[in-house]
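Asks: The following comprises the amino acid sequence and a computationally predicted model.
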Amino acid sequence: MPNHFIRFAETNLVMKKKVKGLCGIFLFVLFSIACEKTMPILIEENELLDGPIEGLSTEEQVQFLKGDEFFNDDIFTIEKGLGPIFNAVSCASCHAGDGKGHPFIRFTRFGQSDTISGNQFLNFGGPQLQNRAIPGYEPEQLPANAAFTNLLAPAVTGLGFLDAVSDADVIALADPNDADGDGISGRPHWNYIPNYVQLRPNSISQNGQYITRFGKKGAAYDLLHQTSGAYNQDMGITSLFEPIDTYSGLEFDPEVASQTVHDVVFYLKTLKAPLRRDEGAPDVMAGEQLFSQIKCASCHTPTLQTGFSSIDVLSYKEFYPFTDLLLHDMGSGLDDGYTEGKALSSEWKTPALWGLGLSKDAQGGNYFLLHDGRATSIEDAILFHGGEAEQSKINYTLLSDIQKGQLIKFLESL
Amino acid sequence: MKIFSYYEHKIILLSLIFFVGLNLQAQKLDSPILRTAKDTSREKMSMDAVYNRPFLKMGNSPLAVGGYLEANSLYTSENGISEGLSFEARLFTIFMSASITKRIKFLSELEFENGTKEIAIEFAAMDVSFHPMLNFRGGVMMNPIGAFNQNHDGPIWEFVERPTMANQLLPATWSNAGFGLYGKTNKGNWIIGYEAYLTNGFDNSIIDNEEGKTFLLATKDNPDRFASNNSGNPLLTGKIAIKNRNVGELGLSYMGGIYNNFEDGGLTLDNKRRLHVFALDFNTTINTMGTYIVGEYTFIMVDVPLTYTQQYGNKQQGFFIDLVQPIIRRKILDWEKASLNIAARLDYVDWNLGTFKETNTNIGDDLWAITPSIGFRPSSQTVFRLNYRYQWQKDILSNPPTRTAAWLFGFSTYF
C-alpha cells in the first residue's frame, strides 16, 4: 500500500542535512528551468519528410489535416472492414512518417509476365498476394508457377508536384529509340486507365491509352487510382472506386467513404517536397557535378516543372525530384519476371531521389532501397543498376574513393 | 468504457445528486458525520486497498461514503511543437460501503472520467467473511493483477499520470463481473495473502483495434463486457502477496484465459486463443530516510495467429518504479501534518517484444518516460502535485523517437 505520506507522518523522521541539501538543489533545478526550455527541441523542417507544402490556404490546410489523420491514424479493424485478407491495417503501416517502407511489411505481386497476355492468375488471387488474414481466415498462398515480384513502399512526399507535370513534358523527356545514342532510352508508360479517374489538364492519349506514372512500374494514372487501389488491395477496404472485395471477388458496399479517399489524395498532393540539407557543402557540390557527369541525371532528372494545378501552390512550379517518370530497362539483375500494364518485366519507373538521405529515419535506421528493398546502402543500390543504366554504373565504379564519397554525400543531402 | 447510455447517465447523475442531498440533510439533522481515516497499520497490504480508504460515516448507520476528485492542468509539447495548455477534470470517483451484517459487507465505486465522458462501475461487490483465510467476493471487482489496479486512488500517488505500464499495457482500472476467494494470515512480522477470482475477460479487440497494436485496454470499449463473457471461458486472476513488516511487500500475480470468441451457436469460428499476464509488484520504505519505493513489472503473452500482421505483438512487457522522498513534514500554515515530497518515476513499456521475421531486427513500439515531481500534502488526504514528464516513444520500426515533454499540475483529494 503506497501510504508513504502517512507512514512518514508516523516515523517522525529527522532528515539528514545532506539529503535536505540535495533535495534543495533538485528543487532549484526543477524550478529554475523555464517552461519552454524544458520542451523538446523543434526538429528542423529539412530533417523531416512529412508536413504540408508551404503556402496552402486555410481551407487547404483543413483538408490536409483531415487527410493526414486518415493516412496516418485511421487503423482498420474487422468491424471497419479490414480484410478478410490484407497486407496491412493502415496506410502508415507501410508508409511510416510518409517515408519508404520496411521489409516486414513488403508485399508480393504475381501472375503477369508479359505485356500482352495480361495477368494469368486473377482467379488465384492475383495480382496482389494478400499474405495476412483476420483470425479464422486463411491468407493467400503464392501459386507455384507464377511470376512474382516483391514490392517495398516508396516515400509519398512531393507527389502533388509529380502529379502536376504535364504529359507533354513527360513525353519530351523520353527517348524511346535512343536517338541520342547514350544507351539510355526511357519511355512513358502508356496504359489503360480506370473510368473513375479525372484526366489531368492537357492530357495526351494514344490508342485509348494514357501516360500512367505512379507505382514502381508506373502503372497507376493518378493519386486517386493509386489510393483506391491501396485501400482495396493492401487493406481489403472497398470503395465506390474499387468496389470488388479481394476475398470473395464480389462487389461490396463501400467500406471507406469517397470523401475520405479524396481527403487522402489531397493530403498526398500537398505533402511538401523534401528539403535539402548541406546543399552548399563543397563535397556535396562536387558530388552533384559527378551525378551529371556519370549520367545518373539522364534518368534521375534533377529539375521538372508543373503545369496547371487546381491547387495554387502546385501550379507552374519548378521542383527537384530526380526522376523522369519514365520506364527504363534495368537489366536482368532487377528483372523479376513479373510486370504490370504495358511495362516489360525488366522495366522500372525511375524513382524520385528526393528525401533519400532521410529514408533511414523512416526505415528503422537502415536503408532498404530499390523496388523490393534488396539494397541496404546507397552504393548497393547503384551497383544493382544494369540495362540502360549499365554504363552509368560502370562510370561509378571507375570513380576514385573520394569521388564516390562525394557522390554519396550529395545523394544523402537530398 | 461506455457502459451507460445517455439517458442512463442522466438518471445516475440525478440519483447521485439526490443521494448526496439526502446525505447532507442527514448530516444536519442527526449526529455529526464521522470521518474514518485510512488504516495505515502495518497489517494492510495492496489487496486491502478497496476497503482501506477514508470514509465518511453517518452516526450508527452501516453506510459509509467517500470518494476522490482529481483535476489537472497540463502543458505539452511534442517534438518541439507545443500542444498548448489545457485543463482537465480527470476523475471523480464515489465509493459507498455498507456493513450488512458483521461478516458481510458491500462496497461500490463509481468513476466519472473526463466529466461524464466515461462512467464506469469500477467495483460493486459483496464480501462474505468465513474466516480470515477464507472470504468470498462476488459482483464487479478489480482483478488483482499487479498492485496498481486495485490501488489506483489518485490521492495516494505523487504523479498526475497513472503509470504507463498500468494503464497502457495493463488496462487499469480493470474490473469485471465475477466471483472468487481471498484471505490473509500473519505470523510474527510476516503477512501472507492470496486472491483468486474467476471473471469475465478479454475479447478479440485486444488484437483488432484502432491502436494498431496488441492492446488489452481495447476490451474496455466493449459495452457488453459486464453482461456476458465474450469467449465463453472465464478469466482466472490469482495473486499471492507476502509482506514483512520491516522489509516490504512483494506480490506475484497471474491473469489468463481464452480471449477470443472461438465459437458461436455451436460453430467453430477460430482456434481457441489464450492470453497470459504475469505481474510482479513490490513496495518498501527505507526507514532511516523515509524513502518510499513502489514498483511493478508485467509480462504479457498473447496468442496472435501466425497469419496475422506482426504489427500486433505476441509478447509485451513494462514496468514502473516510483521513488518518493519526503523532505519536510511539519505544521505549515494551519495544516498540522503537512508534508512536502519529492519523487521520481521511471516508466517503460514495450508493446511488441521480439524481432521482425524478415530482417531479424528489433521490433520497436516502446516507450520510456521519466517524471520528477514535487508534491505538497496539506494533509494525508490531499495532494498538490507538480510533475514534469519527458517521454521517448518509438514506432514499430524503431525510427527516431517522438519526444514529448509535459508540465502537469493538479490536485487529487479524498473527500
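Replies: Yes, it's here. Numbering: from 1, shown residues only, chains lettered A, B, ... in the order given.
Asks: For B:Thr185, what are phi and psi?
Replies: With angles defined as degrees, to the nearest 10, B:Thr185 sits at phi -150, psi 160.
Asks: Let me see the contact set for residue 379.
Replies: Using chain A here. Applying Cβ atoms under 8 Å, 6 or more residues apart in numbering or on different chains to A:Glu379 gives the contacts A:Lys404, A:Ile408. C-beta coordinates here come from the backbone N, C-alpha and C atoms, glycine included.
Asks: nope, chain B
Replies: Counting by Cβ under 8 Å, 6+ apart, B:Ser379 has contacts B:Trp335, B:Glu336, B:Lys337, B:Ala338.
Asks: Just the buried ones among those residues, please.
Replies: Neighbour-count burial (16 or more other Cβ atoms under 10 Å in any protein chain shown) is assigned, among the contacts of B:Ser379, to B:Lys337, B:Ala338.
Asks: Low-confidence ranges, the stretch 301-414 of chain A, go.
Replies: Across the stretch 301-414 of chain A, nothing is flagged by pLDDT under 70.
Asks: how about the strands in it?
Replies: In the stretch 301-414 of chain A, the segments counted as strands under DSSP state E, counting those that start in this stretch are A:304-305, A:318-319, A:327-329, A:347-349.
Asks: Near residue 342, how many residues? Count them for me, please.
Replies: With no chain named, the answer covers chain A. By other Cβ atoms under 10 Å in any protein chain shown, the residues close to A:Lys342 number 20.
Asks: ah, I was thinking of chain B
Replies: Close neighbours of B:Ile342, defined as other Cβ under 10 Å, add up to 21.
Asks: Identify the bridge partners of it.
Replies: B:Gln325, B:Ile374 (DSSP bridges).
Asks: Which among the strands of the stretch 301-414 of chain A is found nearest to A:Gly158?
Replies: strand A:318-319 (7.0 Å; Cβ to Cβ).
Asks: So the closest residue to chain A within the stretch 101-250 of chain B: helix, strand or coil?
Replies: Distances between the stretch 101-250 of chain B and chain A by Cβ to the nearest Cβ are smallest at B:Gly212, namely 4.2 Å. What DSSP: H, G, I helix; E, B strand; the rest coil gives for B:Gly212 is coil.
Asks: my guess is it contacts B:Gln311, does it?
Replies: Yes - counting by Cβ atoms under 8 Å, B:Gly212 touches B:Gln311, with 5.7 Å between them.
Asks: Common neighbours of those two, please.
Replies: Counting by Cβ under 8 Å, 6+ apart, the common neighbours of B:Gly212 and B:Gln311 are A:Val89, A:Ser93.
Asks: about what we covered before: quick check: the gap between the residue of the stretch 101-250 of chain B closest to chain A and B:Asn230.
Replies: Per Cβ to Cβ, to the nearest Å, B:Gly212 is found 21 Å from B:Asn230.
Asks: okay, those two: which has more neighbours?
Replies: B:Gly212 (23 against 19).
Asks: residue contacts, the more buried one?
Replies: Neighbouring residues of B:Gly212 by Cβ under 8 Å, 6+ apart: A:Ile75, A:Val89, A:Ser90, A:Ser93, B:Gln311, B:Tyr312.
Asks: Just the ones in helices from the residues you listed, please.
Replies: Under the assignment DSSP state H, the contacts of B:Gly212 contribute A:Ser93 to helices.
Asks: Would you enumerate the residues in contact with the nearest residue in space to A:His328 that is not next to it in sequence?
Replies: Nearest non-adjacent residue to A:His328, counting by Cβ to Cβ, 6 or more residues apart in numbering or on different chains: A:Glu388, 4.7 Å away. By Cβ under 8 Å, 6+ apart, the residues touching A:Glu388 are A:Gly183, A:Ile184, A:Ser185, A:Gly186, A:Cys299, A:His328, A:Asp329, A:Met330, A:Gly331.
Asks: now with 6 Å?
Replies: A:Glu388 sits next to A:Ile184, A:His328, A:Asp329 when contact means Cβ atoms under 6 Å, 6 or more residues apart in numbering or on different chains.
Asks: All the helices of chain A, residue numbers only.
Replies: Secondary structure of chain A (DSSP H): helices at A:4-11, A:17-32, A:58-73, A:91-94, A:159-163, A:167-173, A:223-229, A:235, A:258-270, A:282-293, A:378-383, A:390-397, A:401-412.
Asks: same deal with the stretch 201-350 of chain B?
Replies: Using DSSP state H, counting those that start in this stretch, no helices are found in the stretch 201-350 of chain B.
Asks: related to what we said a few turns ago, return the most buried member of the helices of chain A.
Replies: Sort the helices of chain A by mean neighbour count, taking mean count of other Cβ atoms under 10 Å in any protein chain shown, and helix A:235 sits at the top with a mean of 28.
Asks: So which residues make contact with that helix?
Replies: The contact list for helix A:235 (Cβ under 6 Å, 6+ apart) reads A:Phe76, A:Phe86.
Asks: so who does residue 93 touch?
Replies: Using chain A. A:Ile105.
Asks: that's the wrong chain, I meant chain B
Replies: B:Thr93 is in contact with B:Gly67, B:Tyr68, B:Glu111, counting by Cβ under 6 Å, 6+ apart.
Asks: Pairing partners for the second one in the sheet, please.
Replies: Which is B:Tyr68. B:Thr93, B:Tyr414.
Asks: tally of neighbours for it?
Replies: B:Tyr68: 22 surrounding residues under other Cβ under 10 Å.
Asks: From chain A, how far off is it?
Replies: As judged by Cβ to the nearest Cβ, to the nearest Å, B:Tyr68 and chain A stand 14 Å apart.
Asks: That residue touches B:Tyr414, doesn't it?
Replies: Yes - if you go by Cβ atoms under 6 Å, B:Tyr68 and B:Tyr414 touch, sitting 4.8 Å apart.
Asks: Could you pull out the residues contacting both of these two?
Replies: Common neighbours of B:Tyr68 and B:Tyr414, using Cβ under 6 Å, 6+ apart, are B:Pro155.
Asks: and the stretch 251-400 of chain B, which residues reach chain A?
Replies: Selection of the stretch 251-400 of chain B residues close to chain A by Cβ under 6 Å from any Cβ of the partner chain yields B:269-270, B:283, B:285, B:290, B:292, B:294, B:305, B:307, B:309-310, B:324, B:326-327, B:329, B:337, B:339, B:342, B:356, B:358-359, B:377, B:380, B:395, B:397-400.
Asks: just the buried members of those residues?
Replies: Among those, those scoring as buried are B:270, B:283, B:285, B:290, B:292, B:294, B:305, B:309-310, B:324, B:326-327, B:329, B:337, B:339, B:342, B:356, B:359, B:377, B:380, B:395, B:397-400 (criterion: 16+ other Cβ under 10 Å).
Asks: Could I get the contacting residues of B:Gly256?
Replies: Counting by Cβ under 6 Å, 6+ apart, B:Gly256 touches B:His276.
Asks: Let's verify the spatially most central residue of chain B: helix, strand, or coil?
Replies: Of all residues in chain B, the one closest to the mean position by Cα atoms, centre = their mean is B:Asn149, 3.0 Å from it. At B:Asn149 the chain is in helix, as set by three-state DSSP.
Asks: correct me, but it touches B:Arg162?
Replies: No - taking Cβ under 6 Å as the definition, B:Asn149 is not a contact partner of B:Arg162, at 10.1 Å.
Asks: Next one, pLDDT for residue 168 please.
Replies: Went with chain A since none was named. Looking at A:Ala168, its pLDDT is 96.
Asks: You answered for a different chain; I wanted chain B.
Replies: B:Gln168 is assigned a pLDDT of 95 by the prediction.
Asks: Report the spatially nearest residue to it, omitting neighbours in sequence.
Replies: In space, B:Gln168 is closest to B:Val349, 5.8 Å off (Cβ to Cβ, 6+ apart).
Asks: Next up, the contacts around the spatially closest residue to B:Ile191 that is not a sequence neighbour.
Replies: Excluding the flanking residues, the one nearest B:Ile191 by Cβ to Cβ, 6+ apart is B:Lys243, at 4.5 Å. Residues near B:Lys243 by Cβ under 6 Å, 6+ apart: B:Met45, B:Ile191, B:Glu249.
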